[in-house]
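Participant: Here is the input, now give the coordinates:
(chains A and B)
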Amino acid sequence: MTMTDVLLAVDHLKIRVGANGPLAVNDLSFTIAPGEIVALVGESGSGKTMAARAAIGLLPPPLENCGGQVRFQGHDLGSLTPEQLRQLRGAKIGMVFQEPMVSLNPSMSIGEQMAEGLRLHTKLSDAQIRERSLEMLGHIGIKDAERCLAAFPHEFSGGMRQRIMLASVMLLRPALLIADEPTTALDCLAQLDVLKLMLDLTREQGTAILFISHDLSLVARYADKVVVMREGRAVEQGTIEQILLAPKAEYTRQLLEALPRRGTLAALPKADGPLLTVKDVCIEHPGPRSLWGRSQFKRVVHSANLTIAPGETLALVGGSGSGKTTLGRAIVGLNSPCSGAIEFEGVDILKAGNREHRLQCQMIFQDPYSSLDPRMRIGDILAEPLRHVPGMTSEQRRERVTKTLLDIGLAEQFVERFPHQLSGGQRQRVAIGRALVRHPRLVIADEPISALDMTIQKQILELFERLQAQYGFACLFISHDLAAVERIAHRVAVMSEGRVVEMGARDEIFDRPQHPYTRKLLAAASSLEKLENGGYRIRQGPVPLAL
Amino acid sequence: MNKPLPAAPEVLLPAPVHAPRSWRVPPLNALIGAILLALLLSMALIGLVWTPHDPLALNLMARLQAPTAAHWLGTDEYGRDVLSRLMIGAHTSLWVSVLTVTLAITAGTLLGLLAGFMRGWVDRCLMMVNDALLAFPGILLALGLMAIIGPSLYGIVLALSIAYTPSVVRVVRGTVLSLREKEFVEASRVIGNSELYTMLRHIAPNCVAPVCVLATSMFGWAILAESSLSFLGLGVPPPAATWGNMLAASRPYIATASWLGLFPGIGIAMALLAFNLCGDALRDRLDPRMSK
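Facilitator: Presented below is the predicted three-dimensional model:
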């Protein structure tokens, strides 16, 4: 291989945590050709981000490069001076981060942030910089580019910010773009949008991409080459076709296997009426208020109608800001609708006061890192809901907690542990246990798996299914992850801009979507399907994907 | 049901290895803090029952003596034994600061919880008064209050705790505001816990760490402020000894009898150091995340 057809070569790279610490990256080698898209795939802690940071010489302090080489356009990065490295960053290697909410400086206008790189790395005048910025903003489809330059990051949505971030990085025409989970924080429509833009811009300029992601099905759509990482090692690498059609490593197969697929569902018990009925519910959030005046209310849910039968799983899907979480929170009484009725077992909970029905109706939150009280032991967390069960002795409570721990697959010793000692998956198990310990009839699960790794997601979904079969609770599963929904939901309701636009049986919705929004959502979701020979391919949805 | 599902999971996840809290060797700075604090406390306690000389006995024959075998730390301008007065003074100074901090922390935490949790007009009224109080420098506020109350030990305690409460309220309210957005607080509500229970069981305990840090630095401020007030003649009235009024009295003799100011000064510095070191150690111990 000659120097010219390799842009970035990582050669037996080793990264250590501290002088005698464990290896974060162990003997990693891969190359990127100009214009090529290479994906580093792995779960959290696999060292993929650290490997990418080594490629721009930006390892955070306790980590150090302790072996191997990173060569960019033939230069060994280890031999460059800090000054030379600085000139490389931005100008030749651009980087886009995961969190659009924090990667733009909130106190600088968009124009200033876009100009920063150009001012550092080029000799353009201010007027030229402005012209280039405007041109780029127009190019990425921002209508009022003049106004956008003067605006501040908080005025834009997450997807828009990520587009702007991308634009300001690509403005310098780097030869390599490092994208670290660039769309993980976005819903699937914004995700498609940003990735499409990234592809357009890089194709135009011939930029190579080092794409870091945990999502194989997403990577499958865009990458030329894939490096699968686990615990700092590359367990497998090859072209995307090789990886998908004939995965060799056991771990790659595990990752592919972890992608949720449509399964057969447990039959529903016969029931006379619905467990929960949501009738014409409207919810408003108070908007910004003037100094003395009343605040302007913003309607986030427009007369929503839903029913959930006993034991049934209804999935509520939609993009971010569609009002699905707001509606879910209203059902457990965390916010109150301004009109309409929510009936639980035929009783209107808005009129009857919601203390009684809360015993039967529990919620699982999205973020397992903030949903458990850091100062309480797991045993106390699980026992807490039992305070409200009338006539339960402390002996019975202890028994129930032990039983619940067994149910959620945790050993008995967990009773004594604090949440910070648990992994994300274990914490989410505890959160599920807390919701189920009182044996409720309805559980609202608000994005319960989206903060977890792929293989952990699979375990949690399996656990959830098993517990549902065991206890027969109904579930409102709020998610933007269509693959997970397809796996566990009986019925699906699609929300867009505060309205339920379509509701029906799962197979109906997934195979014959009616509403344009549902079609868009399904087309944006990436999923893989298993072939008979054990390989995988990208699934074509009911609507062809327009890329 | 289409496929039989196992009633219990096949594999139970093992619990992470849990090192029980042990009395391993505490970190060095905690150790130093504890030793200093123990020295101070024993000095104050011994001073209550026994001092080498009567701290109030005048002996004009032996005034302004440098440290000797009879008077280890020398004598002051009235010939009183400095060591004895230092021991009595330690008691007064510590007592004032402990009372002040306890009062300020209790009142501040209660008001802060109230403001943070109730929000609305309760919050607005409380914070308006609070911010007005915060606008005065603490020592100035205490001075003004002392002028009204008149110099006495409990007057100082009252004045200083009123001066310090607002900063506690601010810290606690801020912590509560950020905590109440956390999902575990919402989870508590969904479980059916009352607002009061949620506040006491989930929010208040999580305020302990910042309050702890504040309390320890406040001990230092209180000792200093008591000294300053005494120095200005508004503190505990003479002839009772405090480190502050000893320091104040030593001022005219600083050139001829430097030990007079030196020893109370060292006392104050040591007390500050002890409280700060112990406070840091305490915060680390109270936070379950710090135990591995």
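
Participant: May I ask which helix or strand of chain A has the lowest mean pLDDT?
Facilitator: Least confident helix or strand, chain A: helix A:355-358 with a mean of 71, by mean pLDDT, DSSP states H and E.

Participant: centre of the chain versus stretch A:215-230, how much separation?
Facilitator: 16 Å (Cα atoms, centre = their mean, to the nearest Å).

Participant: what pLDDT, on average, does it get?
Facilitator: Taken as a whole, stretch A:215-230 has an average pLDDT of 88.

Participant: Stretch A:463-482 now?
Facilitator: On average, stretch A:463-482 scores 90.

Participant: same deal with stretch B:241-256?
Facilitator: Average pLDDT, stretch B:241-256: 82.

Participant: Check which residues of it are buried.
Facilitator: B:241-250, B:253 (16 or more other Cβ atoms under 10 Å in any protein chain shown). C-betas here are computed from N, CA, C, even on glycine.

Participant: export those to TSV and tack on secondary structure?
Facilitator: Shown next, in TSV, are those (DSSP: H, G, I helix; E, B strand; the rest coil):
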residue	secondary structure
B:Ala241	coil
B:Thr242	coil
B:Trp243	helix
B:Gly244	helix
B:Asn245	helix
B:Met246	helix
B:Leu247	helix
B:Ala248	helix
B:Ala249	helix
B:Ser250	helix
B:Tyr253	helix
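
Participant: Just give me the closest of those to chain A.
Facilitator: For the buried residues of stretch B:241-256, the residue nearest chain A by Cβ to the nearest Cβ is B:Trp243; the value is 37.4 Å.

Participant: Setting aside sequence neighbours, what's the nearest residue to that closest one?
Facilitator: Once flanking residues are discounted, B:Trp243 sits nearest to B:Pro264: 4.3 Å by Cβ to Cβ, 6 or more residues apart in numbering or on different chains.

Participant: Helix or strand: which one has the one you found?
Facilitator: Remark: B:Pro264 resides in helix B:259-286, with elements defined by DSSP states H and E.

Participant: same thing with A:Glu83?
Facilitator: Assigned by DSSP H and E, A:Glu83 falls in helix A:82-88.

Participant: Go ahead and produce CSV holding the CA coordinates of the helix or strand that comes right after that helix.
Facilitator: Later in the chain than helix A:82-88, the nearest helix or strand by DSSP H and E is strand A:93-96. Output of strand A:93-96 as CSV, limited to C-alpha atoms (Å, rounded to 0.1, in the frame of the first residue of the first chain):
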residue,chain,number,x,y,z
ILE,A,93,-9.2,16.7,10.9
GLY,A,94,-12.6,17.9,12.0
MET,A,95,-14.6,16.4,14.9
VAL,A,96,-18.3,16.3,15.7
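
Participant: Kindly report the domain assignment for chain A.
Facilitator: Chain A breaks down by automatic domain parsing into domains covering A:3-258, A:276-525+A:532-538.

Participant: so which of the ones you listed gets nearest B:Gly174?
Facilitator: Nearest to B:Gly174 among the domains of chain A is domain A:276-525+A:532-538 (17.3 Å), distances taken as Cβ to Cβ.

Participant: Can you give me the end-to-end span of the closest one?
Facilitator: One end of domain A:276-525+A:532-538 sits 37 Å from the other (Cα to Cα, to the nearest Å).

Participant: and the longest helix for chain B?
Facilitator: Counting residues, the longest helix found in chain B (DSSP state H) is helix B:82-118.

Participant: where does chain A dip in pLDDT?
Facilitator: Under the criterion pLDDT under 70, the flagged ranges of chain A are A:1-4, A:287-295, A:352-356, A:540-547.

Participant: thought A:Val96 was touching A:Thr184?
Facilitator: No: the criterion here is Cβ atoms under 8 Å, and A:Val96 misses it with A:Thr184 at 11.6 Å.

Participant: These two: which has the busier surroundings?
Facilitator: Taking neighbours as other Cβ atoms under 10 Å in any protein chain shown, A:Val96 and A:Thr184 compare with A:Val96 leading, 24 against 15.

Participant: How about the contacts made by that one?
Facilitator: The contact partners of A:Val96, by Cβ atoms under 8 Å, 6 or more residues apart in numbering or on different chains, come to A:103, A:162, A:165-166, A:169, A:177-180, A:182, A:198.

Participant: Looking at those, state which has the most neighbours.
Facilitator: Neighbour max across these (other Cβ under 10 Å) = A:Gln162, 31 neighbours.

Participant: Which is the succeeding secondary structure element to the particular helix or strand that has that residue in it?
Facilitator: Secondary structure from DSSP H and E places A:Gln162 in helix A:158-170. The helix or strand immediately downstream of helix A:158-170 is strand A:176-180, counting by DSSP H and E.

Participant: re earlier: would you format the contacts of A:Val96 as CSV with distance to A:Leu306 included?
Facilitator: Shown next, in CSV, are these (distance: Cβ to Cβ, whole Å):
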residue, distance to A:Leu306
A:Ser103, 37
A:Gln162, 32
A:Met165, 37
A:Leu166, 37
A:Val169, 42
A:Leu177, 43
A:Ile178, 43
A:Ala179, 38
A:Asp180, 38
A:Pro182, 34
A:Met198, 36
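
Participant: between these, which is closest to A:Asp215?
Facilitator: Closest to A:Asp215, out of all of the contacts of A:Val96 and judged by Cβ to Cβ, is A:Pro182, at 11.4 Å.

Participant: Quick check: closest non-adjacent residue to that closest one.
Facilitator: A:Val96 is the one closest to A:Pro182 (Cβ to Cβ, 6+ apart), at 4.8 Å.

Participant: For that neighbour, list each beta-bridge partner.
Facilitator: A:Ala179 (DSSP bridges).

Participant: Relative to A:Ala185, how far out is it?
Facilitator: A:Val96 sits 12 Å away from A:Ala185, taking Cβ to Cβ, to the nearest Å as the criterion.

Participant: ok, now A:Ser107?
Facilitator: 21 Å.

Participant: between those two, which one's more packed in?
Facilitator: Of the pair A:Ser107 and A:Ala185, A:Ala185 is the one with more neighbours under other Cβ under 10 Å, namely 20 against 7.
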